[in-house]
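S.K.: Return atomic coordinates for the entry below.
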Amino acid sequence: MSLLSTIFNSDPARISITAHLTGYSWYATNMSHKALVTRRGQILYHIFWPWMWFGRTFLGIADLVTGLLQRHMIIDHLLEKALKEKGSRQFVELACGLSPRGYRFMAKHKDMGLRYIEADLPQMAEKKKKILEKAGLLTKGHEVVACDILTDGGELSLARLAEKYLDPTQPTVVITEGLIYYFDPATITCVWRRIRETLKSGSGGLYLTDDCPEQRDHPCFFILNGFMKIMGILSRGRLFYHFDSDKTAKDAFRDLAYNETTVYSPELFYDTIPIPRTRLPGFIRIIEAHVDKGCA
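M.R.: Model prediction:
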């Protein structure tokens with residue numbers, strides 16, 4: 001089989017090209033299990049590596065792996081904060097793909113009686129569950145279930161997931177990582193409304209997501225823009241910007257009736273957690289949007 005065939009052949013579980021790449025990137029940086037590695041991801045990682053090294057070394061920007069580590073570690077840090085300071089005991093990771101967060105988080109807190117729900121489209125959820133079961137990584141309280149975040153009702157809806165798997169008396173944390181870029185603003189806005197309704201209908205909680213604003217004043221914006229286009233081609237679609245500043249992100253979530261929203265840049269965590277540093281400001285942002293119980 002040729003290199004191109006290995007990369008672009010149809011996948012039986014519909015894992016996106018970028019999911020393969022991020023899956024191997026986590027493994028290459030000691031943040032994942034070999035069971036979650038694919039040959040396709042390994043090939044893509046090594047194809048991109050020289051360009052990533054050049055950008056990181058000579059331009060001082062966050063390359064793909066640096067950005068992945070930054071966003072992943074910051075979200076992990078905010079999950080720990082929600083657990084310890086807010087008393088959150090149940091977590092939902094939507095469009096989980098090959099993310100290692102679920103099994104790592106549950107292994108770290110195995111004696112706390114937590115509930116961690118990973119969700120994805122049916123074929124991907126089934127594949128992920130089998131991988132985790134075979135590797136012995138699926139523990140008590142950790143579920144992998146089918147969910148379609150684009151539907152308002154039915155068995156695959158987010159509302160149905162909450163009804164079946166979540167305790168409405170406990171605050172919930174909902175996570176999406178590496179997801180929102182694949183949807184146009186109108187579509188992802190509907191997803192954010194569904195997430196708010198899910199949190200509001202229970203005991204409230206928070207939503208965590210990464211974002212990459214359209215920072216046209218960044219000295220290396222042309223590289224970011226080019227990368228977004230390449231990733232869109234690889235994923236056979238288009239990647240979207242949703243905000244042009246931290247303020248517009250906060251305003252958007254306020255308009256969606258989230259109660260409080262904070263937007264974090266990687267630089268804010270340089271002295272808190274061991275994330276990779278860059279000379280130039282980072283591209284990514286982490287959005288933390290709170291929903292109070294039963295808010296209007």
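S.K.: residues contacting the most centrally placed residue in the chain?
M.R.: Nearest residue to the geometric centre of the chain (CA atoms, centre = their mean): residue 177, 0.9 Å. Shown in contact with residue 177 (CB atoms under 8 Å, 6 or more residues apart in numbering): 71-72, 75, 93, 99, 101, 209-210. (Each C-beta comes from the backbone N, C-alpha and C, glycine too.)
S.K.: Name the residues of the helix ranked longest in the chain that are buried.
M.R.: Ranked by residue count and defined by DSSP state H, the top helix of the chain is helix 64-85. Of all the residues in helix 64-85, those buried under the rule 16 or more other CB atoms under 10 Å are 64-79, 82-83.
S.K.: pLDDT (mean, whole number) over that helix?
M.R.: Regarding helix 64-85, the rounded mean pLDDT is 92.
S.K.: that's a strand at residue 91, yeah?
M.R.: Yes: Residue 91 sits within a strand when classified using DSSP: H, G, I helix; E, B strand; the rest coil.
S.K.: That one and residue 115 touch, don't they?
M.R.: Yes: if you go by CB atoms under 8 Å, residue 91 and residue 115 touch, sitting 7.1 Å apart.
S.K.: Which of those two has more residues huddled nearby?
M.R.: residue 91 (26 against 18; other CB atoms under 10 Å).
S.K.: Quick one: residues contacting the more buried one.
M.R.: 79, 105, 114-117, 172-175.
S.K.: Dump those residues into CSV; add distance to residue 259 and secondary structure as well.
M.R.: CSV is the format used below for the contacts of residue 91 (distance: CB to CB, whole Å; DSSP: H, G, I helix; E, B strand; the rest coil):
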residue, distance to residue 259, secondary structure
79, 19, helix
105, 25, helix
114, 24, coil
115, 23, strand
116, 24, strand
117, 23, strand
172, 14, strand
173, 15, strand
174, 14, strand
175, 18, strand
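S.K.: from the residues you listed, which is closest to residue 288?
M.R.: residue 173 (9.7 Å; CB to CB).
S.K.: hang on, the earlier thing: what packs against the longest helix of the chain?
M.R.: The helices and strands touching helix 64-85, judged by 3 or more CB pairs under 8 Å, 6 or more residues apart in numbering; DSSP states H and E, are helix 17-28, helix 39-54, helix 101-108, strand 172-176, strand 205-211, strand 285-291.
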